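**Q** give me coordinates for this.
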Amino acid sequence: MSEPAGAPLPHFKFVQLEFPWELGPEEGRYVVRGHAGEVDQVVVLQTLGAPERRGLVRNRRARDVPSEPPATPVPVSRVTVVGPKPFPSLDDAARWRREVDGEEEAAEAIRVLNRMLHLHRTATADPTVREVSRPQALVVRVGTGEGEQLAHSRWAEAVELPPQARRRQTGREAALRPQERLAALLGGRDVALACEELILRARLDLDGDRTREAALQLRVALEAAIAELAPWADRAQIADRLEALRAERRAVGAAANRALEGGLDEETVEDVRRVVGLVEGIVRLRTSFGFG
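**A** Numbers count the residues shown, from 1 in each chain. You can find the predicted model right below:
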């Protein structure tokens, strides 16, 4: 049945984010599907302010530059993540705007975007494609709009959330201030262990719901941590935690084997999550002793 003349078009919810670099995928509209092929979200990607590339390609020769050149303009990636189902009425859309938790919607939009970026990294075999976080966004807008509006990154009603600063290094992150650790690494007073990078990758997969990849990554990270932290085993706390890691080899090996066969059940995912936390903890403890 056609809509009566002058009837308002249905509105959809959306979250719009902007980042000061090119994310990777080409501009356009992408349909993200979930279970049974149902539409989960629609992602509209635009690049704003990108430099003219044809001129850059033609100018292949090096050229002199002043000692204080102006800043080079950077492209801005604008991502609009649109919900799949329209609101029953404009009143429902207005009620949703009044009651919505903008940060929760932003977190879900970033989850969808990071899934897309992960799949783009896989499709292009480009390991430099990176995922994003909420504090990296220049702006975050949450609101509603008509389908055609949102397809062109416009909207009917929206609010802009306040910027979110990077949180201080606490919890599972470095025990020492990052600048202090960086100075120690650059000055040769400390070394970056392979297990540190490996467990970061496992954490990234785990936070991105890539539990199979996290389980496989954890097996290597665990063995690297046990081997690399052995020189610090003369400290009682390290020795006790190394023994605890050795006791997790069976569980981690079983999780990795299940990952090779297919998906993980909830109990196995919890084993992976727990042991990732244990490795993060012993790495953090090692850096807390300081450097000399």
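**Q** the chain: strands as residue ranges?
**A** Applying DSSP state E to the chain gives strands spanning 11-19, 28-33, 39-48, 76-82, 139-146, 157-160.
**Q** now the ones you listed as a markdown table including mean pLDDT?
**A** What follows is those, written out as a markdown table (pLDDT from 0 to 100):
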| stretch | mean pLDDT |
| --- | --- |
| strand 11-19 | 97 |
| strand 28-33 | 92 |
| strand 39-48 | 92 |
| strand 76-82 | 96 |
| strand 139-146 | 96 |
| strand 157-160 | 95 |
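**Q** so can I have TSV of those strands showing distance to residue 199?
**A** From N, CA and C alone the C-beta is placed, and that goes for glycine too. TSV is the format used below for the strands of the chain (distance: least, C-beta to C-beta, whole Å):
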stretch	distance to residue 199
strand 11-19	26
strand 28-33	29
strand 39-48	30
strand 76-82	29
strand 139-146	29
strand 157-160	36
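**Q** turn these into CSV, including mean neighbour count.
**A** Below are the strands of the chain laid out as CSV (neighbours: other C-beta atoms under 10 Å):
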stretch, mean neighbour count
strand 11-19, 23
strand 28-33, 12
strand 39-48, 17
strand 76-82, 23
strand 139-146, 21
strand 157-160, 13
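**Q** for residue 236, give me the pLDDT.
**A** The per-residue pLDDT reported for residue 236 equals 81.
**Q** sorry, back to before: so which of the strands of the chain is nearest residue 101?
**A** Of all those, strand 139-146 sits nearest to residue 101, with 9.2 Å by C-beta to C-beta.
**Q** quick one: that closest one to strand 11-19, angle?
**A** Strand 139-146 runs at 160 degrees relative to strand 11-19, counting by axes from the mean of the first three to the mean of the last three C-alpha atoms, to 10 degrees.
**Q** just the CA trace of strand 139-146, in CSV.
**A** Provided in CSV are the C-alpha atoms of strand 139-146 (Å, rounded to 0.1, in the frame of the first residue of the first chain):
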residue,chain,number,x,y,z
VAL,A,139,32.8,14.0,17.0
VAL,A,140,30.0,11.6,17.9
ARG,A,141,26.5,12.4,16.9
VAL,A,142,23.4,10.4,17.9
GLY,A,143,19.9,10.9,16.5
THR,A,144,17.2,10.0,14.0
GLY,A,145,16.5,10.7,10.4
GLU,A,146,14.8,9.5,7.2
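**Q** can you tell me the strand partners of that strand and which way each runs?
**A** Using DSSP bridges, the strands paired with strand 139-146 are strand 11-19 (antiparallel), strand 157-160 (antiparallel).
**Q** gap between it and the chain center?
**A** Relative to its chain's centre, strand 139-146 lies at 20 Å (C-alpha atoms, centre = their mean, to the nearest Å).
**Q** now for residue 235: which residues touch it?
**A** Residues in contact with residue 235 (C-beta atoms under 8 Å, 6 or more residues apart in numbering) are residue 289.
**Q** what separation is there between residue 93 and residue 12?
**A** 8 Å (C-beta to C-beta, to the nearest Å).
**Q** same deal with residue 197?
**A** 41 Å.
**Q** same check, this time on residue 108
**A** For residue 108, the distance to residue 12 equals 14 Å [C-beta to C-beta].
**Q** how about the helices in the stretch 51-200 of the chain?
**A** Under the criterion DSSP state H, counting those that start in this stretch, the stretch 51-200 of the chain contains helices at 53-58, 90-99, 102-124, 147-151, 178-186, 194-207.
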